[in-house]
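**Student:** With the sequence up front, the predicted model follows.
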Amino acid sequence: MTEHIRLQAARLQSATVALPGSKSISNRTLLLAALSDNTCEIRSLLKSDDTDRMLEALEKLGVQIEHLSEGRLKVHGCGGSFPNREADLFLGNAGTAFRPLTAVLAILGGNYHLHGVPRMHERPIGDLADALAVAGADVRYLGNPNYPPLQIGAYRSSGVRTIPIKGNVSSQFLTALLMALPLTGEAFEIEMVGELISKPYIAITLKLMAQFGVEVENRQYRSFKIPAGSRYHAPEVLHVEGDASSASYFLAAGLLAENTPIRVTGIGLNSIQGDVAFARELEKIGADVVWGDHFIEVSRPTGRPVAPFDLDANHIPDAAMTLAVVALASGQTCTLKNIGSWRVKETDRIHAMATELRKLGADVREEAEAIHITPPANLKAEVAIDTYDDHRIAMCFSLVSLLGVPVVINDPKCTHKTFPTYFDVFAGLTQAAE
């Protein structure tokens with residue numbers, strides 16, 4: 001019997017939510033700190049399955065990590081080269097660990113076996129492996145071509161200093177290459193082939209690399225210049241921002257419930273995460289948004305409707321999933337476009353979201369890179385939502401309980417990937433509807 005949680009039809013209560021650390025920033029920071037030539041104390045680090053996989057991998061590679069207290073640890077950098085040149089690394093379904101580690105280990109060279117859960121072996125990595133091969137890396141496929149698991153061998157520089165890479169499947173491929181090439185000490189130019197999706201995630205990578213002493217010249221996201229003589233040097237202390245993607249569920253709750261402000265802390269006006277733009281999209285469809293340096297607050301005045309939307313969501317691919325559930329409150333057809341990257345995430349998210357929204361009574365039309373959602377006059381109650389081992393699907397559909405019907409979420413523990421305490425936090429914001 002599948003484990004599940006039943007969320008009763010609920011009324012939101014005004015509240016402040018302290019966000020867990022950002023997954024994207026946590027795993028990038030751990031890897032950059034490990035590659036630095038000094039020691040870095042990281043604070044507010046996310047505790048989740050994905051960061052656990054990165055920490056396990058780094059320790060297997062010989063990185064010394066001191067666990068100081070909850071969310072706080074000290075990484076003793078290895079000066080750009082891992083002590084262990086041979087390792088078997090299991091990385092679960094953590095793309096933010098798998099892709100950057102693939103690139104870094106391929107550029108450093110060694111004897112490494114990288115693998116994960118079955119779904120990770122269905123997530124493409126060929127575009128990254130092709131780019132690494134141009135530089136001189138030895139990356140071999142142990143199963144299907146262009147997919148993990150991988151075997152990484154010795155690095156022999158090809159002498160090529162301009163590396164082409166495709167960016168239309170996942171921005172993590174470019175992130176991985178950007179983080180790895182400075183380890184050579186050589187000057188490189190990375191050239192985009194075709195469209196680059198999810199540019200805000202590249203902005204996170206570049207800002208973090210700069211904090212670790214490597215300034216990359218970004219030429220309008222068409223090419224990137226890495227200077228010769230680069231090396232990573234960590235800040236003495238680094239605070240991880242709250243997770244802006246995880247904020248989307250609480251901010252959306254503030255929109256769905258009338259006159260009930262919800263504030264999230266840990267992100268704000270100066271956040272380096274692109275998903276804070278989700279709050280601006282809520283503003284367009286009926287929310288009042290208050291921005292602080294370290295908080296965002298969302299509410300909706302009594303009587304103001306939730307407006308329908310037609311949105312190119314390429315800039316907020318993860319947070320946009322939350323809007324697919326918000327669409328149920330709009331009363332009219334809503335469209336999310338330019339979301340082809342959903343197809344190669346933890347599951348095929350376009351198909352999964354469409355399937356589960358239909359269970360609630362919505363009329364949903366799928367396209368290769370878009371989804372069109374027409375809400376029903378009345379949502380179906382007590383629907384059991386399948387979550388496909390995808391944390392974001394579980395968290396998105398919790399919001400259905402704020403729309404006047406109870407909902408059942410199957411496999412709620414899938415949220416451990418990024419937010420292990422999500423359902424406890426959500427329960428603390430609600431009380432049974434009258």
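**Tutor:** That came in fine, so what should we check first?

**Student:** Report the rounded mean pLDDT for the longest strand along the chain.
**Tutor:** The longest strand of the chain (DSSP state E) is strand 188-196. The pLDDT scores in strand 188-196 average 96.

**Student:** Give the buried residues for it.
**Tutor:** Buried residues in strand 188-196, counted by 16 or more other C-beta atoms under 10 Å: 188, 190, 192, 196. Glycine gets a C-beta too; all of them are placed from N, C-alpha and C.

**Student:** Could you give the separation of that strand from the chain centroid?
**Tutor:** 21 Å (C-alpha atoms, centre = their mean, to the nearest Å).

**Student:** just to revisit the earlier point, quick one: which of the buried residues of strand 188-196 is nearest residue 431?
**Tutor:** residue 196 (44.7 Å; C-beta to C-beta).

**Student:** Spit out the contact partners of the closest one.
**Tutor:** 167, 168, 171, 174, 202, 221 (C-beta atoms under 8 Å, 6 or more residues apart in numbering).

**Student:** please redo it, this time with the cut-off set to 10 Å
**Tutor:** 165, 166, 167, 168, 171, 173, 174, 202, 221, 222, 314 (C-beta atoms under 10 Å, 6 or more residues apart in numbering).

**Student:** could you say what helices and strands the strand or helix carrying the first one packs with?
**Tutor:** It refers to residue 165. Element membership for residue 165 (DSSP states H and E) is strand 162-167. Applying 3 or more C-beta pairs under 10 Å, 6 or more residues apart in numbering; DSSP states H and E, we find strand 162-167 packed against helix 126-135, helix 171-180, strand 188-196, strand 223-226.

**Student:** run the last query once more with 6 Å
**Tutor:** Packing partners of strand 162-167 (3 or more C-beta pairs under 6 Å, 6 or more residues apart in numbering; DSSP states H and E): helix 126-135, helix 171-180, strand 188-196.

**Student:** Let's have the ones you listed in CSV, adding distance to residue 16.
**Tutor:** Output for the helices and strands packed on strand 162-167, formatted as CSV (distance: least, C-beta to C-beta, whole Å):
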stretch, distance to residue 16
helix 126-135, 40
helix 171-180, 31
strand 188-196, 36
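
**Student:** Those: which one's closest to residue 397?
**Tutor:** When these are compared by C-beta to C-beta, helix 171-180 sits nearest residue 397, at 25.2 Å.

**Student:** Pull out the buried positions in stretch 321-340.
**Tutor:** 321-330, 333-340.

**Student:** Could you list the low-pLDDT ranges of the chain?
**Tutor:** The chain contains residues with pLDDT under 70 at 1, 434.

**Student:** so the longest strand of the chain versus helix 126-135, what angle?
**Tutor:** 160 degrees (axes from the mean of the first three to the mean of the last three C-alpha atoms, to 10 degrees).

**Student:** who's in contact with residue 75?
**Tutor:** 33, 34, 40, 65 (C-beta atoms under 6 Å, 6 or more residues apart in numbering).

**Student:** Residue 31 is in contact with residue 77, correct?
**Tutor:** No. Here residue 77 lies out of contact with residue 31, judged by C-beta atoms under 6 Å, at a distance of 10.6 Å.

**Student:** more crowded one of these two?
**Tutor:** Counted by other C-beta atoms under 10 Å, residue 77 and residue 31 do not tie: residue 31 has more neighbours, with 27 against 20.

**Student:** Check the gap between the more buried one and residue 99 for me.
**Tutor:** Residue 31 sits 11 Å away from residue 99 when distances are taken as C-beta to C-beta, to the nearest Å.

**Student:** Next, the distance between the ends of stretch 356-365.
**Tutor:** Length of stretch 356-365, first residue to last, C-alpha to C-alpha, to the nearest Å: 12 Å.
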